[in-house]
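**Student:** Okay, predicted coordinates and the sequence, questions at the end:
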Amino acid sequence: QVQLVESGGGLVQAGGSLRLSCAASGRTFSWYNMGWFRQAPGKEREFVAAISWSGGSLYYADSVKGRFTMSRDNAKNTVYLQMNSLKPEDTAVYYCAAKSGTYTNTGTLWNYWGQGTQVTVSS
């Protein structure tokens, strides 16, 4: 089992920045690909970003490329999502997820999920 706890969400004006953190505990953190997904009200959950177990590979949704940066610190069992130039359409609950094995951006194939943190971007 892997337990994931997100933090860092909040209310920010358009154009502002936030950094989300996801602290992991349980099984060996460095074995897992880590990802961020989000779900806006009335919409399906969507992929945002992912990072391989080593940190050597990064994946981003087209909607956040150039604005969001994902990183991981295996010594601290933590992943981060730096979000810059935020837009109102980035408003959502952001979820951290962990997946063993091959990377995929299909959320249903990820093994473990956090409870989520709310990000609200005002215009």
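**Tutor:** Here it is on my side, so go on.

**Student:** As a check, name the ranges of all strands in this structure.
**Tutor:** Taking DSSP state E as the test, the strands found in the chain are 2-7, 10-13, 18-26, 33-39, 46-51, 58-60, 68-73, 78-83, 92-99, 112-113, 117-122.

**Student:** The spatially most central residue of the chain pairs with what?
**Tutor:** Computing the C-alpha centroid of the chain and ranking residues by Cα atoms, centre = their mean puts residue 36 first, at 2.2 Å. Beta bridges link residue 36 to residue 49, residue 96, judged by DSSP bridges.

**Student:** isn't it right up against residue 93?
**Tutor:** No. Contact status for residue 36 versus residue 93: not in contact, 11.1 Å apart, counting by Cβ atoms under 8 Å. (Glycine included, C-beta is placed from N, CA and C.)

**Student:** between the strands of the chain, which gets nearest to residue 105?
**Tutor:** When the strands of the chain are compared by Cβ to Cβ, strand 46-51 sits nearest residue 105, at 4.0 Å.

**Student:** if I pick residue 33, what's in contact with it?
**Tutor:** By Cβ atoms under 8 Å, 6 or more residues apart in numbering, the contact set of residue 33 is 50, 51, 52, 53, 98, 99, 100, 101, 103.

**Student:** Give me the buried subset of these.
**Tutor:** Neighbour counting by 16 or more other Cβ atoms under 10 Å classes 50, 51, 53, 98, 99 among the contacts of residue 33 as buried.

**Student:** Once you drop chain neighbours, what's closest to the first one?
**Tutor:** Beyond its immediate neighbours in the sequence, the residue positioned closest to residue 50 (Cβ to Cβ, 6 or more residues apart in numbering) is residue 35, lying 3.8 Å away.
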